[in-house]
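Asks: 3D, please:
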Amino acid sequence: MTSATVYDLATKDLDPPLAVVDLAAFDANAEDLRRRAAGKPIRVVSKSVRCRALLERVLAMPGFEGLMCYSLAEAIWHVEQGTTDDIVVAYPTADHEALRRLAASDEARSSISIMVDSAEHLDLVDAALGHGHPEVRVCLELDASWRPLPGVHVGTRRSPVFTPKQASTFARQIVARPGFRLVGVMAYEGQIAGLGDAAGRRLNQALVGWMQRRSAAELARRRGAVVRAVQAVTPLEFVNGGGTGSLESTGADAVVTEIAAGSGLIGPTLFDGYTRFKPRPAALFALPVVRRPTRKIATLFSGGYIASGPTGPSRQPSPYLPAGLKFLGFEGAGEVQTPVTGRAARTLKLGDRVWLRHAKAGELAERFTHYHLVLGDRVERTVPTYRGEHQNFG
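Replies: Numbering: from 1, shown residues only. This next block holds a predicted model:
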């Protein structure tokens, strides 16, 4: 029995468009992440999942501890739902309402650490809560980009804190401010964790691999110096680093106490291009065939689920099953229809399903209110995504 037939059989009583998560693939991916982390605990990145039932599933597995949320409001919601009592918010917040909710809840304040990278972030919290507010746990973000030459920046644009001196100065500012407690340091090496080294031509692969090795070595030296500088100011509870694509190198850094990862659980197409690991496709969505404009083309309903980031073909979803389908170059995945062609398109009939993969891990959950959790040829249960629980965190 082909995989396409298994998914079709499991969802035969459901109308597409629909989305499934293959639990066998999800669990296998979780085990592979744990293996690659080599004993370091993994903090689960919620934005790559966006489904509370799946987050609870992976947090119940050995090797996974706590969440890394992308929004303070999201973090507070998870505390209220009892998902976990250990959350780091990965991005600074300007949400005054969420900050007031945080200050008003002893449970939330003891469970959540918010991200800061400048005194202005502390000012913003003070402005939202007023002076004399309850103590807020904060994590200092270190910029983990690679800067091999003056003016050359390789990596994501994040924190202005880059050097041990800058980190020490800011740590002293935090410690001196009433109402704040510095508990952690985070450094996300996006140029390693989020950039595949097996994509493109051989020269490009070699250049990416060379860059990642050099960047990892530089970051290990600098991160160690930063952590020592900060710990000279105040003790730290955790040092977070990494991502799905850098578990090995981040885990090898002695100062890192935990690694963040999430996309590897889902296995989206942007994570097909790595030599170090091969996640199984766990999240799929099905679209029905609604037109046959020609013998060689089948048109699917909707499908334009374009991923964030720099626009281009890599951000489109990809036809997965039946094998051998591709989009039309001049139309692609559309808002209301998506034509596909290829050998398999000739055999598709109206009402047949085509299974596709999203380019990014968590954004599919913004398109569907529910995931059907498939085990073998049956739906084990159907669970809401964030959208299905009427939650939209931006």
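Asks: Provide a list of residues in contact with R172.
Replies: Shown in contact with R172 (C-beta atoms under 8 Å, 6 or more residues apart in numbering): V233. Where you see a C-beta, it was placed from the backbone N, CA and C, and this is true even at glycine.
Asks: Regarding it, what are the backbone dihedral angles?
Replies: Main-chain dihedrals, R172, degrees, to the nearest 10: phi -70, psi -40.
Asks: cool, and R177?
Replies: Here is the backbone geometry of R177 (degrees, to the nearest 10): phi -90, psi 120.
Asks: what does R378 give?
Replies: phi -140, psi 160.
Asks: What pLDDT does the model give it?
Replies: Note on R378: pLDDT of 96.
Asks: again, but for E335
Replies: E335 is given a pLDDT of 95.
Asks: what about the closest residue to it other than its chain neighbours, distance to K360?
Replies: In this structure, E335 finds its nearest non-sequential neighbour in G304, 4.7 Å apart by C-beta to C-beta, 6 or more residues apart in numbering. According to C-beta to C-beta, to the nearest Å, G304 stands 14 Å off from K360.
Asks: The two: which has the busier surroundings?
Replies: K360 (21 against 14; other C-beta atoms under 10 Å).
Asks: Quick check: nearest residue in space to the more buried one, chain neighbours excluded?
Replies: Nearest to K360 is A307, by C-beta to C-beta, 6+ apart, at 4.2 Å.
Asks: SS state for the one you found?
Replies: Under the three-state scheme (DSSP: H, G, I helix; E, B strand; the rest coil), A307 adopts coil.
Asks: residues touching it, list them.
Replies: With C-beta under 8 Å, 6+ apart, A307 has these contacts: 268, 270, 315-316, 358-360, 363.
Asks: Pick the one among those residues closest to V374.
Replies: V374 has its nearest neighbour among the contacts of A307 in H358, at 16.3 Å by C-beta to C-beta.
Asks: Next up, the contacts around the closest one.
Replies: 268-269, 283, 285, 305, 307, 317, 364.
Asks: circling back to that earlier point, which pLDDT value belongs to the residue nearest to E335?
Replies: Reported pLDDT for G304: 94.
Asks: Please name every helix or strand in contact with the helix or strand bottoming out on mean pLDDT in the chain.
Replies: Using mean pLDDT, DSSP states H and E, the weakest-scoring helix or strand in the chain turns out to be helix 190-193, at a mean of 72. If contacts are counted by 3 or more C-beta pairs under 8 Å, 6 or more residues apart in numbering; DSSP states H and E, helix 190-193 sits against helix 202-231, helix 247-251.
Asks: again, only this time at 10 Å
Replies: Applying 3 or more C-beta pairs under 10 Å, 6 or more residues apart in numbering; DSSP states H and E, we find helix 190-193 packed against helix 202-231, helix 247-251, strand 258-261.
Asks: contacts for it?
Replies: 144-146, 153-158, 208, 211-213, 215-216, 219, 241-250, 259-261, 263-264 (C-beta atoms under 10 Å, 6 or more residues apart in numbering).
Asks: need the longest strand for the protein.
Replies: strand 283-294 (DSSP state E).
Asks: Report the residue spans of the stretch 201-350 of the chain with pLDDT below the cut-off.
Replies: Residue ranges of the stretch 201-350 of the chain with pLDDT under 70: 201-204.
Asks: go with 80
Replies: 201-210, 212, 215, 273, 275 (pLDDT under 80).
Asks: what about H121, is that helix, strand or coil?
Replies: helix.
Asks: Kindly report the same for the one 4 residues further on.
Replies: Secondary structure of V125, reduced to three states by three-state DSSP: helix.
Asks: pLDDT score assigned to it?
Replies: V125 is given a pLDDT of 98.
Asks: Surely it is in contact with R109?
Replies: No - with contact defined as C-beta atoms under 10 Å, V125 does not reach R109; the gap is 11.9 Å.
Asks: So the residue nearest to E335 is in contact with P339, correct?
Replies: No - contact between G304 and P339 fails when scored by C-beta under 10 Å: they sit 11.8 Å apart.
Asks: between those two, what contacts are shared?
Replies: Contact criterion C-beta under 10 Å, 6+ apart; residues shared by G304 and P339: 332-333.
Asks: residues touching G362, list them.
Replies: 45-51, 70, 262-263, 265-266, 268, 283, 307, 385-386.
Asks: which residues touch V154?
Replies: Counting by C-beta under 10 Å, 6+ apart, V154 has contacts 145-148, 190-192, 195, 211-212, 214-215.
Asks: okay if I get the residues you listed as CSV plus distance to H131 and neighbour count?
Replies: Output for the contacts of V154, formatted as CSV (distance: C-beta to C-beta, whole Å; neighbours: other C-beta atoms under 10 Å):
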residue, distance to H131, neighbour count
S145, 35, 22
W146, 39, 20
R147, 37, 15
P148, 43, 11
G190, 36, 17
Q191, 40, 22
I192, 41, 27
L195, 43, 21
M211, 46, 18
Q212, 45, 22
R214, 46, 13
S215, 41, 23
